[in-house]
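**Q** this one's sequence-less:
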């Protein structure tokens, strides 16, 4: 009878008691640096890594140019619901949270949207993720692990790089970090009221994650939480319905999920109604469903990638700390019975769950892996703390860690002062946009053919229009008057094979403003002249 009762109770969800770790023991040196000083040190370090010379370069990536257009259109038209690009097309690729942040920063500055406003939300989110990791481990009574994990996360090469780019992935990483740290803290709270206080900010952050990037903001936290409970053997079997309801009550799902839906669902429904159903078709179908299953037919940008690709991504983009991951995994496996470490297991489950979920997605990018970095940093921070407490040659251990840290800081200093200025002439579009506007003064129309040069479009400002088909180019070429069209260099060479209603004359190339004449995607400004009109009076040799 007792044996059967033990079997029935084996699946029961139970709280793991909080480990009581002394602040100092004979094997662990005293750690007396005040909490405020630790936070100040991390803020100063992150200020250099994330904010120093943040606006010294132009909007390089297409994502930054797109965010700048959306935010500027919000300020120009005072329409915050559905942002628009400068070609008057609705922004349907992503929810508007990031664009709202950029527009809000620009309004606070009482200025136009610029590179600083576009990148500042990502940089602030990176700082928030570092502090969240530190505060989480510090609240668990592990200040040494907190400092080490925060430093590892802040100096991981792609985490630092993405903090300086106006992309949604870094705010999503910060939101996921807050969700999971609050989940763990609420799970191990000693009183129900304290647990409720942890779960409330977790659910609010979950709604923000959905507003940032849609379903993936919901999938990643649930996958990590579920994976950790499975690793800890704290999930009941599927047939124990009563215990599942008890588990839902324990995590506050009965009120948390309605809260998340109440905060996020109204805008999604409203946006779909305002776009006549285009938002669901574009965002959920194309940019989520198609990315999971490898893309749509004929869209090579959403092609499927190998399932194992995030292994090499982690090894390369989490440098230099990815070199320590195999050693830390081996150490944790050796110590799994003698010295169990729940926070280290939580970080490991975090890392593995994100990699597993993303590996099941057909379309893969290195930026998508960044939400796994805080988990990897927590895992390494906990293992490093164990090494520091047990290793008798602590000075050598500190010297090695500080050497890696100093190397990261020196590398970023050299990049910001030497390598970045060399790249800038071949990546910026300010001068090319100014040259175009000398031919087409604002608000004259500039056409974009088969190119998504969002940074160039932002510097040009309204009015612009975009199209993709050669038939539309033939229509514009045959219209009376001269029309100016920006297109890739390859299209500028092919137009005689597709256009018979007029001719196109090259006016200027973007490579002429690229220092040594090199640019990743050369663009050409073409001028149309119908065959039944006299030739355009301005030739390319007459350009200033």
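**A** Yes, it's here. Just so it is clear, the model here is predicted, and its values are computed rather than measured. Residues are numbered from 1 along each chain as shown.
**Q** what about the helices in the stretch 151-300 of the chain?
**A** 157-163, 169-187, 192-213, 216-231, 241-250, 253-274, 278-279, 290-292 (DSSP state H, counting those that start in this stretch).
**Q** check those for me and report the most buried one.
**A** Burial of the helices of the stretch 151-300 of the chain is given as mean neighbour count (mean count of other C-beta atoms under 10 Å); helix 169-187 ranks first at a mean of 26. Where you see a C-beta, it was placed from the backbone N, CA and C, and this is true even at glycine.
**Q** what sits against residue 445?
**A** Neighbouring residues of residue 445 by C-beta atoms under 8 Å, 6 or more residues apart in numbering: 463-465, 483-484.
**Q** how near is the residue nearest to residue 451 when sequence neighbours are not counted to residue 68?
**A** In space, not counting the residues next to it along the chain, residue 451 is nearest to residue 488; the distance is 5.5 Å by C-beta to C-beta, 6 or more residues apart in numbering. Here the criterion is C-beta to C-beta, to the nearest Å. By it, residue 488 lies 21 Å from residue 68.
**Q** quick revisit: of the contacts of residue 445, grab the buried ones for PyMOL.
**A** Here is the PyMOL selection string for the buried members of those, based on 16 or more other C-beta atoms under 10 Å:
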select buried, resi 464+465+483+484
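**Q** among the contacts of residue 445, name the ones in helices.
**A** Using DSSP state H, no member of those falls in helices.
**Q** narrow the contacts of residue 445 to those in strands?
**A** 464-465, 484 (DSSP state E).
**Q** nearest residue to the residue nearest to the spatial centre of the chain in space, please, no chain neighbours.
**A** Centroid-nearest residue in the chain, with C-alpha atoms, centre = their mean: residue 169, separated by 1.0 Å. Among residues not flanking residue 169 along the chain, residue 367 sits closest, at 4.5 Å (C-beta to C-beta, 6+ apart).
**Q** how near is the one you found to residue 250?
**A** Residue 367 sits at a distance of 34 Å from residue 250 (criterion: C-beta to C-beta).
**Q** cool, and residue 496?
**A** Residue 496 is 70 Å from residue 250, by C-beta to C-beta.
**Q** can you check residue 378 too?
**A** For residue 378 relative to residue 250 (C-beta to C-beta), the value is 23 Å.
**Q** can you list the domain ranges for this protein.
**A** Taking automatic domain parsing as the reference, the chain has its domains at 58-390, 394-426, 430-542.
**Q** related to what we said a few turns ago, between residue 488 and residue 68, which one's more packed in?
**A** More crowded of residue 488 and residue 68, by other C-beta atoms under 10 Å: residue 68, with 29 against 17.
**Q** got the contact list for that one?
**A** 59, 102, 113-114, 117-118, 166, 454-455, 458.
**Q** one more: residue 324?
**A** Contacts for residue 324 (C-beta under 8 Å, 6+ apart) come out as residue 380.
**Q** thinking again about what came up before, let me see the contact set for the residue nearest to the centre of the chain.
**A** Shown in contact with residue 169 (C-beta under 8 Å, 6+ apart): 162, 213, 367-368, 370-371.
**Q** try residue 208
**A** Contact partners of residue 208, counting by C-beta under 8 Å, 6+ apart, are 97, 175, 217.
**Q** ok, it to residue 378 distance?
**A** Between residue 208 and residue 378 the computed distance is 21 Å (C-beta to C-beta).
**Q** check residue 397 too.
**A** 19 Å.
**Q** okay, these two: which has more neighbours?
**A** Taking neighbours as other C-beta under 10 Å, residue 397 and residue 378 compare with residue 378 leading, 33 against 14.
**Q** now name the helix or strand holding the closest residue in space to that one that isn't next to it in sequence.
**A** Using C-beta to C-beta, 6+ apart and skipping residues adjacent in sequence, the residue nearest residue 378 is residue 347, 3.4 Å away. Element membership of residue 347, judged by DSSP states H and E, is helix 342-359.
**Q** flag every buried residue along the helix or strand following that helix.
**A** As assigned by DSSP H and E, the chain's next helix or strand after helix 342-359 is helix 373-390. Neighbour-count burial for helix 373-390, counted by 16+ other C-beta under 10 Å, picks out 373-388.
**Q** appreciated, that's everything.
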